[in-house]
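In: Structural data only, the sequence is not supplied:
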């Protein structure tokens, strides 16, 4: 059947059984890429002519900000799929995405502040980019808080999905903030439509870190979602078997 | 491609920007490690809770058997 894969994907048990094998590969890829990218960016990429060595923070600042935004899409789209098709698993992905997104947003804000001190002379300015990123952090924290605020988890799922969807209005504001308003923050370094304003010797380590952060995101999203699956399917015999570490028979 | 610094001390100092760079990388490392360790810790918690519930169930069952075997 054409739609069978879609329904299978919605089955928590199928998801749990089939994602376990990916974990070691994702872990390996993220650790290798992140270590390679960090060593390359910290020690081997050339110094920036204007910012000196402080610019090396870019190798975590930009990937973390990328994934903070991409993670918000994943959270909001999972919430929408849950609302539309009533898919249990989709809500669990949404719940798992919230703390990961919050941590990544925190990393991008903190590294930005630490980078700002030697470059701009201040840790913080209330400009459009930084303020909208702070709102993103609050949105993530809001989803986490809301997910724990209801006795019935199904009610919490719906409330979180609605909040996540309403919050997407913030995403284009973050993207466009450096173009729409004059600010201390530098404009986007990497552009899809035009040539990037970064030299290849700095771009390749940055690209390595971005791919590494994507792998890391996939890895931790699976880890968190799998735990939520076990927690939600707590009463089923397969979930208890999985927790005891017993092998699971192939199920649907 | 070559190493951009004369030695380890120069690498750590980053021409005065060392503290900023290392704080940024250090906090990031800790935060990302927490994202990986939290699920591991949470899984152990779930396993412990399952064991606890199984123990309670067994104790209840054996008490039930005793009660049936020797009624008061």
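Out: Great, that's in hand. The structure displayed is predicted, hence computed values, not measured ones.

In: By mean pLDDT, which helix or strand of chain B comes out lowest?
Out: Least confident element among the helices and strands of chain B, by mean pLDDT, DSSP states H and E: helix B:8-13 (a mean of 85).

In: and the helix or strand just after that one, what's its mean pLDDT?
Out: Downstream of helix B:8-13, the next assigned helix or strand under DSSP states H and E is helix B:18-69. In this model, helix B:18-69 has a mean pLDDT of 93.

In: Please identify the helix or strand for residue A:131.
Out: Secondary structure from DSSP H and E places residue A:131 in helix A:128-147.

In: Residue B:24 against residue A:110, yeah?
Out: Yes - with contact defined as C-beta atoms under 8 Å, residue B:24 and residue A:110 form a contacting pair (7.2 Å). Bear in mind the C-beta positions are built from the backbone N, C-alpha and C, glycine included.

In: need the contact list for residue 25.
Out: No chain in the question, so chain A it is. For residue A:25, the contact set (C-beta atoms under 8 Å, 6 or more residues apart in numbering or on different chains) is empty.

In: meant chain B, my bad for not saying
Out: Counting by C-beta under 8 Å, 6+ apart, residue B:25 has contacts A:38, A:42, A:57, A:60.

In: Spell out which parts of chain B neighbour chain A.
Out: B:1-5, B:11, B:14-18, B:20-21, B:23-25, B:27-28, B:31-32, B:34-36, B:38-40, B:42-43, B:46-47, B:50 (C-beta under 8 Å from any C-beta of the partner chain).

In: ok, residue A:181 to residue A:125 distance?
Out: Distance, residue A:181 to residue A:125, by C-beta to C-beta, to the nearest Å: 11 Å.

In: which bits of chain A sit near chain B?
Out: A:38, A:42-47, A:52-54, A:56-57, A:60-61, A:64, A:99-100, A:103, A:106-107, A:110-111, A:114-115, A:117-118, A:201, A:216, A:219-220, A:223-224, A:226-227, A:230-231, A:234, A:240, A:243-244.

In: if you set the cut-off to 7 Å instead, what comes out?
Out: Contact residues, chain A versus chain B (C-beta under 7 Å from any C-beta of the partner chain): A:38, A:43-44, A:46-47, A:52-54, A:56-57, A:60, A:100, A:103, A:106-107, A:110-111, A:114-115, A:117-118, A:216, A:220, A:223-224, A:227, A:230-231, A:240, A:243.
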